[in-house]
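Q: the following block contains a protein sequence and its predicted model.
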Amino acid sequence: MTKYKLEYIWLDGKTPIPELRGKTTLRAFDHPPTLADLPTWGFDGSSTMQAEGKTSDCLLKPVALYPDAARKDAYIVLSEVMLPDGSPHPSNTRAKTENDPDFWAGFEQEYFLYKDGRPLGFPAEGYPGPQGPYYCGVGYKYMGNVARQIVDEHLDLCLAAGIHHEGINAEVAKGQWEFQIFGKGSAKAADDTWTARYLMMRLCEKYEVDFVLYCKPIKGDWNGSGMHTNFSTKYMREVGGKEYFEALMKAFEKTIPDHIAVYGPDNHLRLTGLHETQAIDKLSTSSRMVTRAIWKIAGRTPKAIPTRSFRAF
Ligand code: MN
Ligand code: MN
């Protein structure tokens, strides 16, 4: 028998954006555990904005399992939050999400690394040199000496966890980076993305660095962070056609406010039409964008397609 460290992680009830929580339990198995071996666990929802003090028990239902290379004999157990009667907690949006394995999604997670209340590489007073050399930048004067170490360690943790990680790049603002996660089915894509975020946040603790997803941390002439989302359905991949794609984009145009409403707070500060974004009330499309979205999702971004032409969100 081996005692395994099982880190149950879940999203708390913080609004408008939930935060990650996690705690460890030890369980003995005579084989590496599978999802089916893992028990439902519980926690005190009064400390996570998920319950009142009197009846504060919430349940953690394991839904995805990831090997945890940062600890010996360890797994990360991504969990949904359930009410004591076994029904999904109101904060549990995963339970309500349709999960069609033929819907493929690729997320480009942009983020800042922060230290001492400012992006890595920003001086204590004022600003570093303007944007330009940092995107895919190379060299100490642009990249510093810690960020790439964190980014590379994170990549290895993700790969060891079996996360479908697709790539990394330094982003446009100083201290800003991106990682890319692909998944077949919205559950797999989102589970891998949240677990990758968890691994990054936990990794950053030892560097005294914070992983910041806020969409516009630095006002002025500095890019904000978004999460470009590439997607395709079976129909788009196998039938598609110009007419269909044009109709699809038209349909999106009618639901801009619905989309913005679930993209997190303060996006009006980021989606201004500047800094490689479209204005918050407009949808831009091009045949090149559609082509890129499809090709990229298939893991074949051809060099001929300028990858920085698509900046809708
Ligand atoms: Mn990208
Ligand atoms: Mn990007």
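A: Received the coordinates, thanks. Ligands and ions are numbered 1, 2, ... in the order given.
Q: any idea which helix is longest in the protein?
A: helix 186-205 (DSSP state H).
Q: what sits up against that helix?
A: Applying CB atoms under 8 Å, 6 or more residues apart in numbering, the external contacts of helix 186-205 come out as 9, 11, 20, 22, 63-64, 66, 70, 76, 78, 94, 97-101, 103-107, 109, 111, 113, 150, 153-154, 157-158, 161, 163-165, 179, 181-183, 210-211, 213. (C-beta placed from N, C-alpha, C; glycine too.)
Q: gap between the very next helix or strand once past that helix and the chain center?
A: Note on helix 186-205: by DSSP states H and E, the next helix or strand toward the C-terminus is strand 210-212. Centroid separation between strand 210-212 and its chain, computed with CA atoms, centre = their mean, to the nearest Å, is 12 Å.
Q: neighbours of the closest residue in space to residue 45 that isn't next to it in sequence, just the number please.
A: Nearest-residue entry for residue 45: residue 51, 3.0 Å, with adjacent residues in sequence omitted and distances by CB to CB, 6 or more residues apart in numbering. Residue 51 has 20 neighbours, counted by other CB atoms under 10 Å.
Q: can you offset everything so residue one is 688?
A: Sure, I'll start counting at 688 from here, so that last one is residue 738.
Q: contacts only, for residue 738.
A: Taking CB under 8 Å, 6+ apart as the test, what residue 738 contacts is 731, 732, 744, 745.
Q: hang on, the earlier thing: show the buried residues in the contacts of helix 873-892.
A: Buried by 16 or more other CB atoms under 10 Å: 696, 698, 750-751, 753, 757, 763, 765, 781, 790-794, 796, 798, 800, 837, 840-841, 844-845, 848, 850-852, 866, 868-870, 897-898, 900, out of these.
Q: out of those residues, name the ones that lie in strands.
A: 696, 698, 750-751, 753, 763, 765, 791-794, 796, 798, 800, 852, 866, 868-870, 897-898 (DSSP state E).
Q: give the residue spans of the stretch 838-987 of the chain that score low on pLDDT.
A: Low-confidence segments of the stretch 838-987 of the chain (pLDDT under 70): 974-987.
Q: can you map out the helices along it?
A: Taking DSSP state H, counting those that start in this stretch as the criterion, the stretch 838-987 of the chain carries its helices at 873-892, 921-925, 929-940, 943-948, 954-957, 974-984.
Q: tell me the contacts of residue 860?
A: Residue 860 makes contacts with 799, 806, 818, 821, 905, 909, 910, as judged by CB under 8 Å, 6+ apart.
Q: my read: residue 704 touches residue 950, true?
A: No: Residue 704 is not in contact with residue 950 according to CB atoms under 8 Å; the separation is 10.5 Å.
Q: now do residue 858 against ligand 2, distance only.
A: Relative to ligand 2, residue 858 is positioned 5 Å away (CB to the ion, to the nearest Å).
Q: same check on residue 890?
A: 20 Å.
Q: give me the number of residues near the spatially closest residue to residue 756 that is not a sequence neighbour?
A: Excluding the flanking residues, the one nearest residue 756 by CB to CB, 6+ apart is residue 847, at 3.5 Å. Residue 847 has 14 neighbours, counted by other CB under 10 Å.
Q: mind pulling up the pLDDT for residue 774?
A: Looking at residue 774, its pLDDT stands at 96.
Q: same question, the one 3 residues further on
A: At residue 777 the predicted local distance difference test score is 95.
Q: doesn't it lie inside a helix?
A: No: using DSSP: H, G, I helix; E, B strand; the rest coil, the assignment for residue 777 is coil, not a helix.
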